[in-house]
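[1] sequence-free structure coming up:
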Ligand SMILES: [Zn+2]
(Lines give C-alpha, C1' and ligand atoms only; values in the text may rest on other atoms or scores of the structure.)
Protein backbone atom coordinates (compact mmCIF):
# COMPACT_ATOMS: atom_id res chain seq x y z
CA UNK A 1 0.00 0.00 0.00
CA UNK A 2 1.21 3.46 -0.79
CA UNK A 3 1.83 5.71 2.17
CA UNK A 4 -1.00 8.16 2.68
CA UNK A 5 1.60 10.88 3.29
CA UNK A 6 5.22 11.80 2.69
CA UNK A 7 7.54 14.52 3.93
CA UNK A 8 9.08 16.88 1.38
CA UNK A 9 12.06 19.09 2.25
CA UNK A 10 11.06 22.72 1.76
CA UNK A 11 14.56 23.62 0.57
CA UNK A 12 15.71 20.88 -1.83
CA UNK A 13 12.51 18.91 -2.42
CA UNK A 14 13.89 15.59 -1.17
CA UNK A 15 11.13 13.12 -0.38
CA UNK A 16 11.20 11.37 2.99
CA UNK A 17 8.71 8.46 3.02
CA UNK A 18 7.52 8.59 6.64
CA UNK A 19 8.18 9.76 10.18
CA UNK A 20 10.16 6.63 11.11
CA UNK A 21 12.72 7.66 8.48
CA UNK A 22 12.49 11.35 9.44
CA UNK A 23 13.29 10.49 13.06
CA UNK A 24 16.21 8.29 11.95
CA UNK A 25 17.47 11.31 9.99
CA UNK A 26 17.40 13.30 13.23
CA UNK A 27 14.54 15.42 11.80
CA UNK A 28 16.81 17.09 9.29
CA UNK A 29 17.26 16.76 5.53
CA UNK A 30 20.81 15.95 4.34
CA UNK A 31 20.78 19.44 2.72
CA UNK A 32 20.71 20.91 6.24
CA UNK A 33 17.08 22.05 6.15
CA UNK A 34 14.95 21.21 9.18
CA UNK A 35 11.67 22.20 7.62
CA UNK A 36 9.58 19.65 5.74
CA UNK A 37 6.06 19.89 4.35
CA UNK A 38 3.73 16.91 4.59
CA UNK A 39 2.03 16.01 1.32
CA UNK A 40 -1.03 13.72 1.24
CA UNK A 41 -2.35 11.39 -1.39
CA UNK A 42 -5.98 11.99 -0.36
CA UNK A 43 -8.30 14.07 -2.53
CA UNK A 44 -9.00 17.45 -0.94
CA UNK A 45 -12.55 17.41 -2.26
CA UNK A 46 -13.17 15.17 0.74
CA UNK A 47 -12.68 18.24 2.97
CA UNK A 48 -15.89 19.69 1.56
CA UNK A 49 -17.71 16.52 2.65
CA UNK A 50 -16.13 16.54 6.11
CA UNK A 51 -17.02 20.18 6.69
CA UNK A 52 -20.67 19.93 5.64
CA UNK A 53 -23.25 20.84 8.31
CA UNK A 54 -24.33 17.94 10.51
CA UNK A 55 -20.91 16.55 11.40
CA UNK A 56 -20.26 16.45 15.14
CA UNK A 57 -16.58 15.54 15.44
CA UNK A 58 -15.20 14.70 18.89
CA UNK A 59 -11.63 15.61 17.95
CA UNK A 60 -9.48 16.71 15.02
CA UNK A 61 -8.96 13.12 13.82
CA UNK A 62 -12.20 13.82 11.97
CA UNK A 63 -9.66 14.91 9.31
CA UNK A 64 -7.68 11.66 9.60
CA UNK A 65 -6.95 11.39 5.86
CA UNK A 66 -5.14 14.73 6.10
CA UNK A 67 -3.00 13.86 9.11
CA UNK A 68 0.33 11.97 8.95
CA UNK A 69 -0.85 8.92 10.86
CA UNK A 70 -1.38 5.55 9.18
CA UNK A 71 -3.52 3.63 11.65
CA UNK A 72 -6.39 4.95 13.75
CA UNK A 73 -5.58 2.47 16.50
CA UNK A 74 -2.58 4.66 17.41
CA UNK A 75 -4.68 7.73 18.16
CA UNK A 76 -4.05 9.26 21.60
CA UNK A 77 -6.82 11.75 22.29
CA UNK A 78 -8.56 13.56 25.12
CA UNK A 79 -11.06 15.30 22.85
CA UNK A 80 -9.16 18.21 21.33
CA UNK A 81 -9.29 20.26 18.16
CA UNK A 82 -13.02 20.17 17.43
CA UNK A 83 -13.58 23.08 19.80
CA UNK A 84 -16.43 25.56 19.44
CA UNK A 85 -16.22 28.88 17.64
CA UNK A 86 -18.44 31.40 19.42
CA UNK A 87 -19.78 34.75 18.35
CA UNK A 88 -18.87 37.34 20.99
CA UNK A 89 -21.35 40.13 20.43
CA UNK A 90 -19.94 42.47 23.09
CA UNK A 91 -16.89 42.87 20.84
CA UNK A 92 -19.12 43.50 17.82
CA UNK A 93 -21.03 46.13 19.78
CA UNK A 94 -17.81 47.83 20.79
CA UNK A 95 -16.55 47.90 17.20
CA UNK A 96 -19.82 49.41 16.00
CA UNK A 97 -20.25 51.98 18.76
CA UNK A 98 -16.66 53.16 19.21
CA UNK A 99 -15.25 52.74 15.73
CA UNK A 100 -18.28 52.62 13.43
CA UNK A 101 -17.12 49.23 12.16
CA UNK A 102 -19.80 46.66 11.47
CA UNK A 103 -18.03 43.31 11.80
CA UNK A 104 -18.67 39.78 12.94
CA UNK A 105 -16.39 38.59 15.76
CA UNK A 106 -15.86 34.87 16.26
CA UNK A 107 -13.74 33.35 19.03
CA UNK A 108 -11.99 29.98 18.64
CA UNK A 109 -12.12 28.52 22.16
CA UNK A 110 -8.78 26.75 22.62
CA UNK A 111 -9.37 26.82 26.37
CA UNK A 112 -11.97 24.10 25.78
CA UNK A 113 -9.45 21.56 24.46
CA UNK A 114 -9.84 18.35 26.40
CA UNK A 115 -6.22 17.64 27.30
CA UNK A 116 -4.86 20.59 29.27
CA UNK A 117 -7.11 23.44 28.04
CA UNK A 118 -4.54 24.96 25.74
CA UNK A 119 -3.85 25.20 22.02
CA UNK A 120 -0.86 22.90 22.60
CA UNK A 121 -3.12 19.91 23.20
CA UNK A 122 -3.75 19.27 19.55
CA UNK A 123 -0.02 19.12 18.72
CA UNK A 124 0.67 16.97 21.78
CA UNK A 125 -2.07 14.58 20.73
CA UNK A 126 -0.71 14.13 17.21
CA UNK A 127 2.87 13.83 18.51
CA UNK A 128 1.89 11.09 20.98
CA UNK A 129 -0.02 9.24 18.23
CA UNK A 130 2.82 9.48 15.69
CA UNK A 131 5.44 8.46 18.27
CA UNK A 132 3.32 5.46 19.23
CA UNK A 133 2.94 4.45 15.59
CA UNK A 134 6.67 4.77 14.89
CA UNK A 135 7.98 3.08 18.02
CA UNK A 136 9.42 6.19 19.69
CA UNK A 137 9.87 5.37 23.38
CA UNK A 138 11.35 8.58 24.70
CA UNK A 139 11.20 12.31 23.95
CA UNK A 140 12.63 15.51 25.39
CA UNK A 141 12.05 19.26 25.13
CA UNK A 142 13.05 22.59 26.63
CA UNK A 143 9.92 24.50 27.47
CA UNK A 144 8.57 27.41 29.47
CA UNK A 145 5.36 25.61 30.36
CA UNK A 146 2.39 24.95 28.10
CA UNK A 147 4.08 22.62 25.64
CA UNK A 148 5.62 20.68 28.51
CA UNK A 149 2.36 20.25 30.36
CA UNK A 150 0.38 19.15 27.32
CA UNK A 151 3.07 16.77 26.05
CA UNK A 152 3.46 15.32 29.56
CA UNK A 153 -0.13 14.25 29.66
CA UNK A 154 -0.40 12.88 26.12
CA UNK A 155 2.96 11.11 26.10
CA UNK A 156 2.22 9.51 29.47
CA UNK A 157 -1.03 8.20 28.01
CA UNK A 158 0.97 6.68 25.13
CA UNK A 159 3.54 5.16 27.53
CA UNK A 160 6.33 7.39 26.26
CA UNK A 161 9.00 8.63 28.65
CA UNK A 162 9.33 12.42 28.56
CA UNK A 163 12.00 14.70 30.00
CA UNK A 164 11.37 18.44 30.21
CA UNK A 165 14.06 21.06 30.74
CA UNK A 166 12.61 24.23 32.22
CA UNK A 167 14.20 27.61 33.06
CA UNK A 168 14.91 28.38 36.73
CA UNK A 169 12.07 30.93 36.92
CA UNK A 170 9.46 28.35 35.91
CA UNK A 171 6.12 28.56 37.67
CA UNK A 172 5.95 25.86 40.42
CA UNK A 173 2.44 24.85 39.27
CA UNK A 174 3.92 23.83 35.92
CA UNK A 175 6.57 21.62 37.52
CA UNK A 176 3.91 20.03 39.69
CA UNK A 177 1.61 19.43 36.69
CA UNK A 178 4.36 17.73 34.67
CA UNK A 179 5.34 15.50 37.61
CA UNK A 180 1.70 14.62 38.24
CA UNK A 181 1.72 12.81 34.87
CA UNK A 182 4.75 10.79 35.98
CA UNK A 183 7.18 12.64 33.68
CA UNK A 184 10.60 14.05 34.51
CA UNK A 185 11.37 17.75 35.01
CA UNK A 186 14.88 19.13 35.07
CA UNK A 187 14.95 22.66 36.44
CA UNK A 188 17.87 24.49 34.88
CA UNK A 189 20.14 26.75 36.88
CA UNK A 190 19.78 29.36 34.17
CA UNK A 191 17.20 30.93 31.86
CA UNK A 192 15.32 29.42 28.92
CA UNK A 193 18.43 29.60 26.74
CA UNK A 194 20.33 27.51 29.27
CA UNK A 195 17.47 25.00 29.54
CA UNK A 196 17.54 24.67 25.75
CA UNK A 197 21.24 23.92 25.81
CA UNK A 198 20.76 21.29 28.51
CA UNK A 199 18.01 19.63 26.48
CA UNK A 200 20.23 19.59 23.38
CA UNK A 201 23.08 18.00 25.37
CA UNK A 202 20.70 15.38 26.78
CA UNK A 203 19.45 14.61 23.26
CA UNK A 204 23.03 14.19 21.97
CA UNK A 205 24.29 12.11 24.86
CA UNK A 206 21.31 9.76 25.14
CA UNK A 207 20.00 9.71 21.55
CA UNK A 208 16.58 10.78 22.78
CA UNK A 209 14.32 12.36 20.18
CA UNK A 210 14.01 16.12 20.80
CA UNK A 211 11.29 18.61 19.92
CA UNK A 212 11.83 20.12 16.48
CA UNK A 213 10.44 23.48 17.61
CA UNK A 214 7.90 25.70 15.90
CA UNK A 215 8.45 24.30 12.41
CA UNK A 216 7.97 20.72 13.62
CA UNK A 217 5.75 19.21 10.90
CA UNK A 218 3.80 17.39 13.62
CA UNK A 219 2.81 20.65 15.30
CA UNK A 220 2.06 22.30 11.97
CA UNK A 221 -0.10 19.43 10.70
CA UNK A 222 -2.11 19.26 13.93
CA UNK A 223 -2.77 22.98 13.99
CA UNK A 224 -3.53 23.36 10.29
CA UNK A 225 -6.80 21.55 10.94
CA UNK A 226 -8.06 24.90 12.27
CA UNK A 227 -8.59 25.83 8.62
CA UNK A 228 -10.92 22.86 8.17
CA UNK A 229 -12.72 23.75 11.41
CA UNK A 230 -13.30 27.31 10.20
CA UNK A 231 -14.88 25.88 7.06
CA UNK A 232 -17.01 23.49 9.08
CA UNK A 233 -18.17 25.98 11.70
CA UNK A 234 -18.21 29.28 9.80
CA UNK A 235 -18.93 27.89 6.36
CA UNK A 236 -16.06 30.01 5.00
CA UNK A 237 -12.69 31.42 5.91
CA UNK A 238 -12.63 34.51 8.12
CA UNK A 239 -11.40 37.79 6.61
CA UNK A 240 -9.15 38.59 9.55
CA UNK A 241 -7.25 36.22 11.84
CA UNK A 242 -5.97 37.49 15.23
CA UNK A 243 -3.51 35.55 17.36
CA UNK A 244 -0.95 36.26 20.09
CA UNK A 245 2.46 35.07 18.93
CA UNK A 246 5.56 33.75 20.65
CA UNK A 247 7.23 31.19 18.39
CA UNK A 248 4.89 31.28 15.42
CA UNK A 249 3.55 27.78 14.77
CA UNK A 250 0.01 29.22 14.52
CA UNK A 251 0.53 31.40 11.44
CA UNK A 252 2.81 28.75 9.87
CA UNK A 253 0.02 26.18 10.31
CA UNK A 254 -2.68 28.53 9.03
CA UNK A 255 -0.58 29.12 5.92
CA UNK A 256 -0.09 25.36 5.46
CA UNK A 257 -3.82 24.67 5.70
CA UNK A 258 -4.58 27.37 3.15
CA UNK A 259 -1.86 26.11 0.78
CA UNK A 260 -3.37 22.63 0.97
CA UNK A 261 -6.83 23.91 0.10
CA UNK A 262 -5.39 25.85 -2.84
CA UNK A 263 -4.62 22.48 -4.45
CA UNK A 264 -8.32 22.31 -5.32
CA UNK A 265 -9.30 25.98 -5.10
CA UNK A 266 -6.71 28.41 -6.44
CA UNK A 267 -8.55 31.34 -4.90
CA UNK A 268 -8.96 29.82 -1.44
CA UNK A 269 -8.87 32.72 0.98
CA UNK A 270 -5.94 33.49 3.28
CA UNK A 271 -7.21 35.84 6.01
CA UNK A 272 -5.25 38.95 6.91
CA UNK A 273 -3.02 37.77 9.72
CA UNK A 274 -2.76 40.09 12.74
CA UNK A 275 -0.18 38.87 15.27
CA UNK A 276 -0.09 40.36 18.74
CA UNK A 277 2.66 40.72 21.34
CA UNK A 278 2.67 42.46 24.72
CA UNK A 279 5.01 45.45 25.10
CA UNK A 280 7.18 43.59 27.65
CA UNK A 281 8.31 41.04 25.05
CA UNK A 282 7.65 42.21 21.51
CA UNK A 283 10.69 41.45 19.34
CA UNK A 284 8.55 40.52 16.31
CA UNK A 285 6.60 43.80 16.57
CA UNK A 286 9.89 45.70 16.68
CA UNK A 287 11.30 43.80 13.70
CA UNK A 288 8.12 44.45 11.74
CA UNK A 289 8.01 48.18 12.56
CA UNK A 290 11.56 48.56 11.36
CA UNK A 291 10.71 46.74 8.12
CA UNK A 292 7.67 48.97 7.56
CA UNK A 293 9.69 52.13 8.28
CA UNK A 294 12.33 51.09 5.75
CA UNK A 295 9.87 49.94 3.08
CA UNK A 296 10.61 46.20 3.43
CA UNK A 297 14.19 46.14 2.10
CA UNK A 298 15.72 42.91 0.81
CA UNK A 299 16.37 40.59 3.78
CA UNK A 300 14.09 42.57 6.14
CA UNK A 301 12.83 39.33 7.66
CA UNK A 302 16.30 38.50 8.98
CA UNK A 303 16.59 41.83 10.77
CA UNK A 304 14.94 41.53 14.17
CA UNK A 305 16.00 42.30 17.75
CA UNK A 306 16.61 39.75 20.48
CA UNK A 307 15.34 40.58 23.95
CA UNK A 308 17.78 38.75 26.22
CA UNK A 309 15.80 38.45 29.44
CA UNK A 310 12.19 39.53 28.96
CA UNK A 311 10.34 40.55 32.12
CA UNK A 312 6.73 39.61 31.54
CA UNK A 313 3.93 37.90 33.45
CA UNK A 314 2.84 36.16 30.25
CA UNK A 315 5.32 33.30 30.45
CA UNK A 316 3.90 31.59 27.35
CA UNK A 317 4.75 34.72 25.39
CA UNK A 318 8.30 35.21 26.62
CA UNK A 319 10.22 34.19 23.51
CA UNK A 320 12.85 36.93 23.42
CA UNK A 321 14.66 35.45 20.42
CA UNK A 322 12.05 35.26 17.63
CA UNK A 323 13.88 32.75 15.47
CA UNK A 324 10.78 32.11 13.33
CA UNK A 325 10.42 35.76 12.26
CA UNK A 326 12.06 34.99 8.87
CA UNK A 327 9.24 32.52 8.16
CA UNK A 328 6.38 34.28 9.93
CA UNK A 329 6.93 37.86 8.72
CA UNK A 330 6.59 36.99 5.01
CA UNK A 331 3.38 35.05 5.76
CA UNK A 332 1.94 38.12 7.51
CA UNK A 333 3.08 40.44 4.76
CA UNK A 334 1.66 38.32 1.96
CA UNK A 335 -1.66 38.13 3.79
CA UNK A 336 -1.88 41.93 4.02
CA UNK A 337 -1.74 41.72 7.81
CA UNK A 338 0.47 43.28 10.45
CA UNK A 339 1.96 42.90 13.94
CA UNK A 340 0.28 44.67 16.86
CA UNK A 341 1.63 45.72 20.22
CA UNK A 342 -0.59 45.77 23.33
CA UNK A 343 0.19 46.96 26.83
CA UNK A 344 0.83 44.35 29.49
CA UNK A 345 -0.48 46.63 32.23
CA UNK A 346 -3.94 46.61 30.59
CA UNK A 347 -4.30 42.83 30.43
CA UNK A 348 -5.98 42.38 33.79
CA UNK A 349 -8.68 44.89 32.81
CA UNK A 350 -9.37 42.98 29.59
CA UNK A 351 -9.46 39.77 31.64
CA UNK A 352 -12.09 41.34 33.91
CA UNK A 353 -14.10 42.41 30.88
CA UNK A 354 -14.19 38.86 29.48
CA UNK A 355 -15.25 37.53 32.85
CA UNK A 356 -18.04 40.11 33.08
CA UNK A 357 -19.31 39.64 29.53
CA UNK A 358 -18.83 35.88 29.09
CA UNK A 359 -18.51 34.52 32.63
CA UNK A 360 -15.20 32.82 31.90
CA UNK A 361 -11.54 33.23 32.78
CA UNK A 362 -9.03 33.22 29.96
CA UNK A 363 -5.29 32.88 30.44
CA UNK A 364 -3.00 35.90 29.98
CA UNK A 365 -1.83 34.94 26.49
CA UNK A 366 -5.45 34.66 25.35
CA UNK A 367 -6.04 38.12 26.76
CA UNK A 368 -3.07 39.47 24.78
CA UNK A 369 -4.86 38.17 21.69
CA UNK A 370 -8.15 39.77 22.73
CA UNK A 371 -6.44 43.09 23.50
CA UNK A 372 -5.06 42.84 19.98
CA UNK A 373 -8.60 43.03 18.62
CA UNK A 374 -9.07 46.42 20.32
CA UNK A 375 -5.70 47.54 19.05
CA UNK A 376 -6.59 46.42 15.52
CA UNK A 377 -9.74 48.56 15.62
CA UNK A 378 -7.72 51.52 16.86
CA UNK A 379 -5.27 51.11 14.00
CA UNK A 380 -8.01 50.74 11.38
CA UNK A 381 -7.12 47.13 10.58
CA UNK A 382 -10.71 45.85 10.62
CA UNK A 383 -13.26 46.94 8.06
CA UNK A 384 -17.01 46.97 7.57
CA UNK A 385 -18.58 43.65 6.69
CA UNK A 386 -15.61 41.54 7.74
CA UNK A 387 -15.56 38.40 9.84
CA UNK A 388 -12.81 38.42 12.46
CA UNK A 389 -11.55 35.16 13.98
CA UNK A 390 -9.87 35.52 17.37
CA UNK A 391 -7.73 32.46 18.08
CA UNK A 392 -7.40 32.33 21.87
CA UNK A 393 -4.57 30.25 23.30
CA UNK A 394 -5.47 28.96 26.73
CA UNK A 395 -7.66 28.97 29.78
CA UNK A 396 -6.61 30.35 33.17
CA UNK A 397 -6.16 26.95 34.82
CA UNK A 398 -2.38 27.17 35.07
CA UNK A 399 -2.15 30.93 35.56
CA UNK A 400 -3.70 31.13 39.01
CA UNK A 401 -2.02 34.47 39.72
CA UNK A 402 -3.83 35.95 36.71
CA UNK A 403 -7.16 34.60 37.85
CA UNK A 404 -6.57 36.16 41.25
CA UNK A 405 -5.76 39.52 39.68
CA UNK A 406 -9.00 39.35 37.67
CA UNK A 407 -11.00 38.66 40.82
CA UNK A 408 -9.41 41.49 42.80
ZN1 LIG B 1 16.62 19.21 1.72
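    Arrived safely. Everything numeric here is computed off the predicted structure, so don't read it as measured data. Residues are numbered from 1 along each chain as shown.

[2] Could you find the closest non-adjacent residue to the residue of the stretch 301-408 of the chain found nearest the ion?
    Nearest residue of the stretch 301-408 of the chain to the ion (Cβ to the ion) works out as residue 327 at 15.6 Å. All C-beta spots, glycine's among them, are computed from the backbone N, C-alpha and C. Nearest residue to residue 327 in three dimensions, chain neighbours excluded: residue 252, at 6.1 Å (Cβ to Cβ, 6 or more residues apart in numbering).

[3] Secondary structure element holding that neighbour?
    Assigning secondary structure by DSSP states H and E places residue 252 in helix 249-261.

[4] Report the next helix or strand after that helix in sequence order.
    Past helix 249-261, the next helix or strand by DSSP H and E is strand 272-278.

[5] who does that next one pair up with?
    In the sheet, strand 272-278 lines up against strand 240-244 (parallel), strand 338-342 (parallel) (DSSP bridges).

[6] Report the angle between it and helix 249-261.
    170 degrees (axes from the mean of the first three to the mean of the last three Cα atoms, to 10 degrees).

[7] As a check, name the ranges of all strands in the protein.
    For the chain, the strands defined by DSSP state E cover 5-9, 15-16, 36-40, 85-87, 104-108, 138-142, 161-166, 184-187, 209-210, 240-244, 272-278, 338-342, 387-391.

[8] interface residues of the stretch 1-150 of the chain facing the ion?
    By the rule Cβ under 5 Å from the ion, the part of the stretch 1-150 of the chain lying against the ion is 9, 11-12, 14, 29, 31, 33.

[9] Can you select the buried ones from the residues you listed in ChimeraX?
    To isolate the buried members of these in ChimeraX, using 16 or more other Cβ atoms under 10 Å:
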select :9,29
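
[10] ok and the helix holding residue 252 relative to strand 387-391, angle-wise?
    Using the same axes, to 10 degrees: helix 249-261 against strand 387-391 is 130 degrees.

[11] Identify each buried residue in helix 249-261, please.
    Within helix 249-261, the residues scored as buried using 16+ other Cβ under 10 Å are 249-258, 260-261.

[12] Pipe those residues into TSV and attach distance to the ion per row.
    Shown next, in TSV, are these (distance: Cβ to the ion, whole Å):
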residue	distance to the ion
249	21
250	25
251	23
252	18
253	21
254	24
255	19
256	18
257	23
258	23
260	20
261	25
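
[13] Using TSV, please lay out those together with distance to residue 345.
    Formatted as TSV, the buried residues of helix 249-261 follow (distance: Cβ to Cβ, whole Å):
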residue	distance to residue 345
249	27
250	25
251	26
252	30
253	31
254	29
255	32
256	35
257	35
258	35
260	40
261	40
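
[14] Tabulate these (CSV), appending pLDDT.
    Shown next, in CSV, are these (pLDDT from 0 to 100):
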residue, pLDDT
249, 94
250, 95
251, 97
252, 97
253, 97
254, 98
255, 98
256, 97
257, 97
258, 98
260, 96
261, 96
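
[15] Isn't residue 184 up against residue 165?
    No. Residue 184 lies out of contact with residue 165 (Cβ atoms under 8 Å); the separation is 9.6 Å.

[16] neighbour-wise, which of the two wins?
    Legend: neighbour count by other Cβ atoms under 10 Å for residue 184 and residue 165, higher for residue 165 (27 against 13).

[17] Run through the bridge partners of that one.
    Counting by DSSP bridges, the residues bridging with residue 165 are residue 142, residue 186.

[18] quick one: contacts for it?
    By Cβ atoms under 8 Å, 6 or more residues apart in numbering, the residues touching residue 165 are 140-143, 186, 188, 195-196, 198-199, 202.

[19] That one and residue 216, how far apart?
    Distance, residue 165 to residue 216, by Cβ to Cβ, to the nearest Å: 17 Å.

[20] The helix or strand bottoming out on mean pLDDT in the chain packs against which elements?
    For the chain, counting by mean pLDDT, DSSP states H and E, helix 172-180 ranks last in confidence among helices and strands (a mean of 89). Using 3 or more Cβ pairs under 8 Å, 6 or more residues apart in numbering; DSSP states H and E as the contact test, the elements touching helix 172-180 are helix 146-157, strand 161-166, strand 184-187.

[21] what pLDDT does the residue in the stretch 51-200 of the chain that the ion sits nearest to get?
    Of all residues in the stretch 51-200 of the chain, residue 68 sits closest to the ion, at 17.9 Å by Cβ to the ion. Looking at residue 68, its pLDDT stands at 98.

[22] Got the domain ranges for this structure?
    Using automatic domain parsing, the domains assigned to the chain come out as 1-41, 85-114+217-407.

[23] between the ones you listed, which one is nearest to residue 72?
    Closest to residue 72 of those, according to Cβ to Cβ: domain 1-41, at 11.7 Å.

[24] Can you list the low-confidence ranges for the protein?
    For the chain, residues meeting the criterion pLDDT under 70 lie at 1-2.

[25] Nearest to the spatial middle of it, which residue is it?
    residue 250 (3.8 Å; Cα atoms, centre = their mean).

[26] just checking, it touches residue 391?
    Yes. Applying Cβ under 8 Å, one finds residue 250 in contact with residue 391, separated by 6.5 Å.

[27] Neighbours of the nearest residue to the residue of the stretch 51-200 of the chain closest to the ion once chain neighbours are set aside, how many?
    Excluding the flanking residues, the one nearest residue 68 by Cβ to Cβ, 6+ apart is residue 5, at 4.4 Å. For residue 5, the count of nearby residues is 22 (other Cβ under 10 Å).

[28] bridging residues for residue 5?
    Note on residue 5: beta-bridge partners by DSSP bridges are residue 40.
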